[in-house]
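Student: I would like the atomic coordinates for the input below:
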Amino acid sequence: MPILSIQSHVCFGTVGNRAAGFLLQRLGFEVWAVNSVQFSNHTGYGSWSGETTSPETVAQLIEGVLARSTAGNCQAILSGYLGTAPLGETILDAVARLQGESSDVLYCCDPVMGDHGRGLFVQPDIPAFLAERALPAANLLTPNLFELELLSGRTIRTLQEAVAAARNLIERGPSLVLVTSLRHQTSETDEIEMLAVTADVAWRVATPLLALRPPPGGLGDATTALFLAHYLKSADPRHALEACSAAVYEIVLATAARGDRELALVDAQDCVVVPRHRFTAKLVT
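Tutor: As a prediction, the model looks like this:
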């Protein structure tokens, strides 16, 4: 069944729908891609051209897509980078409509706001929208460490604090939180972690940390898409975490080998489907 993916689009590079759509399709999902912005390249380059899609246009595009489908035909809604907070409201309208048609529709919100080292890189009203409006509506939330701290209002130093912060978000809406780009006081210097947290259990997985300079854009978008795909297939957070981490590691390896600041998704596509490396998620106690 299809996934409605509402994210950024770039002509050059692999962020937003350019990353998520390709990976979801390689894993067997139909993708209805609606672009929240259309830029020449992602903003990490410092200069770009293009425009943000108006909420009215996004609403019209979603309406047009849904007019071609039957009720209950959409499996999930995925949202990422928002150009404006009003655009987010348009997405929530679509979530309410589709979940009204079928309670099985899952809303996955990637609360794109910033990262450690770069700080906040969205419009100043986006954090409040995500915390107050999108968070309560989401079934699955995928913040990185910076975004987890921002949404929870907590400084995270330990693994237990990360779990507690994720559960703070769960109390406010989603049933599952995936924390990406996780590092804490007891992290190994040569590892990067991800954390899948529910109200009852938490699973942690660590993969080798490869220093990519400059850091490529879109890795968070790719991670969210991969986790969502495997979670939709299995309904098992641990399995989704292990499968996602293996695929992300293959992408990072391919990107490092190519020496490019854009993700080497085409190079890694076969290994995304059948990873050569596997990582075991461990229960956090």
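
Student: Tell me the buried residues in stretch 138-148?
Tutor: 138-148 (16 or more other C-beta atoms under 10 Å). Glycine gets a C-beta too; all of them are placed from N, C-alpha and C.

Student: what are the ranges of the strands in the stretch 151-285 of the chain?
Tutor: Applying DSSP state E, counting those that start in this stretch to the stretch 151-285 of the chain gives strands spanning 176-182, 191-197, 202-208, 282-283.

Student: in the second one, what's buried?
Tutor: Read that as strand 191-197. Neighbour-count burial for strand 191-197 flags 192-197 (criterion: 16+ other C-beta under 10 Å).

Student: between those residues, which is nearest Asn35?
Tutor: Lowest distance from Asn35 to the buried residues of strand 191-197 (C-beta to C-beta) belongs to Met194, with 26.9 Å.

Student: Now do the contacts for that closest one.
Tutor: Going by C-beta atoms under 8 Å, 6 or more residues apart in numbering, Met194 touches 178-182, 204-205, 207, 223, 241, 244-245.

Student: Next one: it, what pLDDT does it get?
Tutor: Listed pLDDT for Met194 reads 96.

Student: Specify the beta-bridge partners of it.
Tutor: Per DSSP bridges, the residues bridged to Met194 are Val205.

Student: likewise Lys282?
Tutor: Lys282 has these beta-bridge partners by DSSP bridges: Arg204.

Student: What separation is there between it and Cys11?
Tutor: Shown here: Lys282 relative to Cys11, a distance of 41 Å by C-beta to C-beta, to the nearest Å.

Student: count of neighbours near the closest residue to Ala246 other than its chain neighbours?
Tutor: Closest residue in space to Ala246, ignoring its immediate chain neighbours: Pro275 at 3.7 Å, by C-beta to C-beta, 6 or more residues apart in numbering. Pro275 has 21 neighbouring residues, counting by other C-beta atoms under 10 Å.

Student: Output the contacts of Met194 as JSON lines; include the columns distance to Glu171 and neighbour count.
Tutor: Shown next, in JSON lines, are the contacts of Met194 (distance: C-beta to C-beta, whole Å; neighbours: other C-beta atoms under 10 Å):
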{"residue": "Leu178", "distance to Glu171": "17", "neighbour count": "28"}
{"residue": "Val179", "distance to Glu171": "16", "neighbour count": "25"}
{"residue": "Thr180", "distance to Glu171": "20", "neighbour count": "24"}
{"residue": "Ser181", "distance to Glu171": "23", "neighbour count": "19"}
{"residue": "Leu182", "distance to Glu171": "20", "neighbour count": "22"}
{"residue": "Arg204", "distance to Glu171": "20", "neighbour count": "19"}
{"residue": "Val205", "distance to Glu171": "24", "neighbour count": "23"}
{"residue": "Thr207", "distance to Glu171": "29", "neighbour count": "16"}
{"residue": "Thr223", "distance to Glu171": "24", "neighbour count": "25"}
{"residue": "Leu241", "distance to Glu171": "21", "neighbour count": "23"}
{"residue": "Cys244", "distance to Glu171": "24", "neighbour count": "29"}
{"residue": "Ser245", "distance to Glu171": "26", "neighbour count": "27"}
